[in-house]
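Engineer: What shape does this take:
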Amino acid sequence: MKIAVLGGGNGSFAAAGDFALQGHEVRLWRRDAELVARHRAEGSRIAVKDARGRHEVTLVLVTTDIADAVRDAALILCPAPAFAQHDIAAALAPHLADGQVVFLPPATFGSLIFAKAAFDAGNRAKVAFAETGTLPWLARKHGPFEVAITIRAKRLPVGVFPLTDADRAIAVISEAFPGAIKPCGDALSGALMNAGPIIHPPLIVMNAGPIEHFERWDIHKEGTQAAIRRVTDALDAERMAIRESLGYGAPHFPLANHYAKEGEEWMYGRGSHDRLTDSGDWREQLVLTEHRYMREDLRVGLSFFTSVARLAGVPTPLATAFLSIGGAICGENFLEGGRTLQSLGLGRLDRAGLLELLQKGFA
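Structural biologist: Here you go, the predicted model:
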């Protein structure tokens, strides 16, 4: 299958390398012209390290031209941060063609951002947009063109926009992730599976002291203590209450399953947390006020969850508290701004109107 991967971070390199290992025809787009030139001079290769060893793969194309990257691609995968989605969506919008699937893992309802960008650009191609609850790889770059993959996702709940195109989209995505895709309904259901706004705000806020004190800190090892886990479970209960209020059924992929030694498997499968911490790749220098866990998962992700909660009539005291405290840490007001249904241009819709949009797409 022809796959385009957008971005130059950990997730994008894991995707490009892993898809190439599977035998797919992979093109990588990123905006940094100097790094693209260096990558092409190195033969457009990516070194992938995993439990089976080190593998060298060659990409079909590495480019700064997004039109070249996505031309004839069946699947376009964009694992970029939520705060980069608007710019990438605008760049991609004119170049989408009938039959393509855009997959955002995860997205904080970014599927609607990409779909609306195409619609606003006048592109009426029949394209499906989808998102899931986590990045399909736990990975870290070990060099400019080398990536270490600790874990590959085993079970990815995927929501599709518009829902009428779900069967086709799921079939394409499943070809790239064989055996791992679990349809979960529309794009909002997929967005409400996002684990980042649940697991990361307690870690970044409740470990603020050690993060600022220690030069390097493994937030997923020393930072994941029993008290923090209890708060994470309570925050996750707010997420699941939003899903239930909107009529989305189980499984809700509770984050508690990520840590459990037995029972129902979570997105990364059994024992993934231990493998993550054993890898040592997450022992790193953390800049508290600039880290993605603060800027993306808390400011953007929790803002979105609380916005949907207001529509659903669900109280979210913990999510609101983390937005207040995170904003205080950063010297900002996270309760204003962020990502909301209003900021996405959907504030005029009631619950029925939003669900109709999710089903049918933009008219």
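Engineer: Between the two ends of stretch 27-38, how far is it?
Structural biologist: Its first and final residues considered, stretch 27-38 spans 16 Å by CA to CA, to the nearest Å.
Engineer: can you pull the alpha-carbon coordinates of the helix or strand hosting residue 91 into PDB?
Structural biologist: Applying DSSP states H and E as the criterion places residue 91 in helix 85-92. This file holds the C-alpha atoms of helix 85-92, laid out as PDB (Å, rounded to 0.1, in the frame of the first residue of the first chain):
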ATOM      1  CA  GLN A  85      -2.800  20.300  13.200                       C
ATOM      2  CA  HIS A  86      -4.200  23.500  11.900                       C
ATOM      3  CA  ASP A  87      -1.100  24.400   9.800                       C
ATOM      4  CA  ILE A  88      -0.700  20.900   8.500                       C
ATOM      5  CA  ALA A  89      -4.400  20.600   7.700                       C
ATOM      6  CA  ALA A  90      -4.300  23.800   5.700                       C
ATOM      7  CA  ALA A  91      -1.200  22.700   3.800                       C
ATOM      8  CA  LEU A  92      -2.800  19.300   3.000                       C
END
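Engineer: How far away from the center of its chain is that helix?
Structural biologist: Here the centre of mass of C-alpha atoms in helix 85-92, compared against the chain's by CA atoms, centre = their mean, to the nearest Å, lies 15 Å away.
Engineer: Quick check: what element follows that helix along the chain?
Structural biologist: strand 101-104.
Engineer: The stretch 201-350 of the chain: helices as residue ranges?
Structural biologist: According to DSSP state H, counting those that start in this stretch, the stretch 201-350 of the chain carries its helices in the segments 208-213, 226-245, 256-259, 272-279, 292, 303-312, 317-330.
Engineer: Now do the fourth one, average pLDDT.
Structural biologist: If I follow you right, that is helix 272-279. Averaging pLDDT along helix 272-279 gives 68.
Engineer: repeat for the last one
Structural biologist: If you average the pLDDT over helix 317-330, you get 98.
Engineer: can you check the longest one too?
Structural biologist: Average pLDDT, helix 226-245: 97.
Engineer: One more: the fifth one?
Structural biologist: In this model, helix 292 carries a mean pLDDT of 93.
Engineer: Can you tell me what sits against it?
Structural biologist: Around helix 292, the neighbours that count as contacts under CB atoms under 8 Å, 6 or more residues apart in numbering are 81, 200. All C-beta atoms are positioned from the backbone trio N, CA, C, and that covers glycine.
Engineer: Please state the offset of it from the chain centre?
Structural biologist: Its chain's average C-alpha position is 12 Å from that of helix 292, according to CA atoms, centre = their mean.
Engineer: one step back: could you say which of the helices of the stretch 201-350 of the chain is packed most deeply?
Structural biologist: helix 303-312 (a mean of 21; mean count of other CB atoms under 10 Å).
Engineer: what's in contact with that helix?
Structural biologist: Judged by CB under 8 Å, 6+ apart, the contacts made with helix 303-312 from elsewhere in the structure are 108-109, 188, 191-192, 197, 238-239, 242, 245-246, 315-316, 319-320, 323, 334, 337-342, 350-351, 354.
Engineer: follow-up on the earlier one: kindly reformat the helices of the stretch 201-350 of the chain as CSV containing distance to residue 180.
Structural biologist: Output for these, formatted as CSV (distance: least, CB to CB, whole Å):
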stretch, distance to residue 180
helix 208-213, 33
helix 226-245, 21
helix 256-259, 16
helix 272-279, 13
helix 292, 24
helix 303-312, 25
helix 317-330, 29
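Engineer: Out of those helices, which gets nearest to residue 127?
Structural biologist: Distances from residue 127 to each of those were compared using CB to CB; the minimum, 22.5 Å, belongs to helix 303-312.
Engineer: follow-up on the earlier one: tell me the mean pLDDT for the helix holding residue 91?
Structural biologist: So the average pLDDT for helix 85-92 ends up being 98.
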